[in-house]
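Q: Sequence and predicted structure, then a few things I'm wondering about:
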Amino acid sequence: MTFVVKSVLGWFKRPPSTDVLFYAASWVDEVWIRSTIWESRRRGWNVVFAITGPAPATDIARYQAMGVTVVSSIAPLALRTISAPIAVTASSGIPADWFDVATSYRIHMPHSLVSLHMAYPVDAFDGYDVLFAAGPHQIAEFEALARRRNLVGRQSRAIGYGKADVLPASELPGQTATKPHVLLAPSWGPESLLPCLGRELTRELLKQYRVTLRAHPMQVENQDPAYLEMIETFKGQDFKVELPTELPVSMNEADVCITDYSGTAFEYALMRRRPILFVDVSRKVVNSTWQDLGLAPIELRAREEIGVVVPALAPACAAAAGRLLQNLASWESRIEAALPGIVFRRPSVAKAACDAIEGLGRRGLQPRATVSP
């Protein structure tokens, strides 16, 4: 049986007792909580998935077929009308008061493997009671931020990287291209790879390689001029664009990945055990007080564990890519040894997350009849 709740956007149906509310500030954040939503339904929990902004109709239908109540284009303050003991989101910077006062735990599942203290605003995680950390560095950072900002009662759990459950598992078969494939996966901001070097570097790379650009969601959403210029400049050449809402097929096909400070570097290392070429543009610093915590951001300290750092010069980058391609095999064991310091590796991140949710919700949130997604 369902009943109807009035929000500022109108009426929507939801189960009479919502066990877990999942929330995404935009659809691009959905992939990090996708497998946990599936596992929640498999355990028979009543689930509402709310999204601020539009969601693809096919994906909404997929969730609805699983028994998930989907509320798209919901205004932030309308989240308060959805009463659930636990809320889970991969979106950062969500204030606690967006959720119903009856919500006991507001859980954050990070949508990147980068640092929490340098790459985000200083208050980006104030609104969360619990961090489902993707890697060990995030536990240290979350706890240090809580102490620095006098936030009491904060907890962390070693869960893993939610997106890992849905990343392609192996190289795609049947590749016949003769030219090596380079993936450009930049971060965003005025001093990131695309505005600083994107056009010159891509022109140099196209002399020898196929190139795929997987731009940062913010570059696509904001229609960044550097991003649009890349599309127009290299149209019709051996260059393609992969949207951030698409599964990262390019990471499964590319022979080498080039980035700046993007968390995509760690995804690529996790998937492929291949080295990353880090272009040494200016640091992406969103929190100017990050050094006060005394913790080295992983996007700085791990670069030479999983790849090489190259000056921001197009010929130097292209030459370094060639050297990596000639020596890929030697990196596999090195990257494998580095991964435990970057990410908690789980057979199922969703299972770890839902087990932790059960532990937090002991007052009645237990597995019910199994539901097949």
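A: It's in.
Q: For residue 39, the count of nearby residues, please.
A: Counted with other CB atoms under 10 Å, residues neighbouring residue 39 total 21. In this view, the C-beta of every residue, glycine as well, is placed from N, C-alpha and C.
Q: So what does it look like in phi/psi?
A: Dihedral angles of residue 39 (phi, psi; degrees, to the nearest 10) stand at phi -70, psi -40.
Q: since we're on the closest residue to it other than its chain neighbours, how many residues are nearby?
A: For residue 39, the nearest residue in space outside its immediate sequence neighbours is residue 350; the separation is 3.8 Å by CB to CB, 6 or more residues apart in numbering. The burial count assigned to residue 350 is 23, neighbours taken as other CB under 10 Å.
Q: One more: residue 238?
A: Taking other CB under 10 Å as the definition, residue 238 ends up with a neighbour count of 14.
Q: now the strands: where do they sit in the stretch 201-350 of the chain?
A: All strands of the stretch 201-350 of the chain, identified by DSSP state E, counting those that start in this stretch, fall at 210-213, 239-241, 256-259, 276-279, 307-310.
Q: how far does the third one sit from the chain's center?
A: I take that to be strand 256-259. Strand 256-259 has its average C-alpha position 17 Å from the chain's average C-alpha position, going by CA atoms, centre = their mean, to the nearest Å.
Q: again, but for the fourth one
A: Here strand 276-279 shows a centroid-to-chain-centroid distance of 19 Å under the convention CA atoms, centre = their mean.
Q: Residues contacting that strand, please?
A: Counting contacts by CB atoms under 8 Å, 6 or more residues apart in numbering, the residues outside strand 276-279 that touch it are 193, 197, 201, 256-261, 265, 268-269, 303, 306-312, 317, 320-321, 324.
Q: which of those count as buried?
A: Neighbour counting by 16 or more other CB atoms under 10 Å classes 193, 197, 201, 256-261, 265, 268-269, 303, 306-307, 310, 312, 317, 320-321, 324 among those as buried.
Q: In helices, which of those residues fall?
A: Judged by DSSP state H, helices contain the following of the buried ones among the contacts of strand 276-279: 193, 201, 265, 268, 269, 303, 306, 317, 320, 321, 324.
Q: Which parts of this structure are helices?
A: Ranges of helices in the chain, per DSSP H, are 34-42, 57-65, 136-148, 193, 199-205, 217-221, 225-233, 249-253, 264-272, 298-301, 303-306, 314-325, 332-338, 349-360.
Q: what's the last one in contact with?
A: Read it as helix 349-360. 20, 35-36, 38-40, 43, 86, 88, 104-105, 107, 109, 130, 132, 157-162, 164-165, 344, 346, 365-367.
Q: give me that answer again for 6 Å
A: Helix 349-360 has contacts (CB atoms under 6 Å, 6 or more residues apart in numbering) with 35-36, 39-40, 86, 105, 132, 157, 159-160, 162, 164-165, 346, 365.
Q: With the fourth one instead?
A: For helix 193, the surrounding residues in contact (CB under 6 Å, 6+ apart) are 186, 260, 279, 281.
Q: Now find how far off-centre that helix is within its chain.
A: Using CA atoms, centre = their mean, the distance from the centre of helix 193 to the centre of the chain it belongs to is 19 Å.
Q: For the residue nearest to residue 274 when sequence neighbours are not counted, grab phi and psi.
A: Here the nearest residue to residue 274 in space, its sequence neighbours aside, is residue 328; by CB to CB, 6+ apart that works out to 5.8 Å. Its backbone dihedrals place residue 328 at phi -70, psi -40, with angles given as degrees, to the nearest 10.
Q: Please name the residues that touch residue 22.
A: Contacts for residue 22 were tallied using CB under 6 Å, 6+ apart; they are 33, 37, 49, 88.
Q: Show me this protein divided up by domain.
A: Using automatic domain parsing, the domain parsing of the chain gives 3-161+346-360, 181-341.
Q: thinking again about what came up before, closest to residue 216 among the ones in helices among the buried ones among the contacts of strand 276-279?
A: Nearest to residue 216 among these, counting by CB to CB, is residue 193 at 9.6 Å.
Q: Would you mind measuring from the nearest residue to that closest one once chain neighbours are set aside to residue 264?
A: When the adjacent residues along the chain are set aside, residue 193 lies closest to residue 186, with 3.7 Å between them (CB to CB, 6+ apart). Going from residue 186 to residue 264 by CB to CB, to the nearest Å gives 8 Å.
Q: next one: residue 180
A: On the measure of CB to CB, residue 180 and residue 264 end up 19 Å apart.
Q: And for residue 27?
A: Plainly put, residue 27 is 18 Å away from residue 264 if you go by CB to CB.
Q: quick one: which of those two has more around it?
A: In this view residue 27 and residue 264 are compared by other CB under 10 Å, and residue 264 has more residues nearby, 26 against 17.
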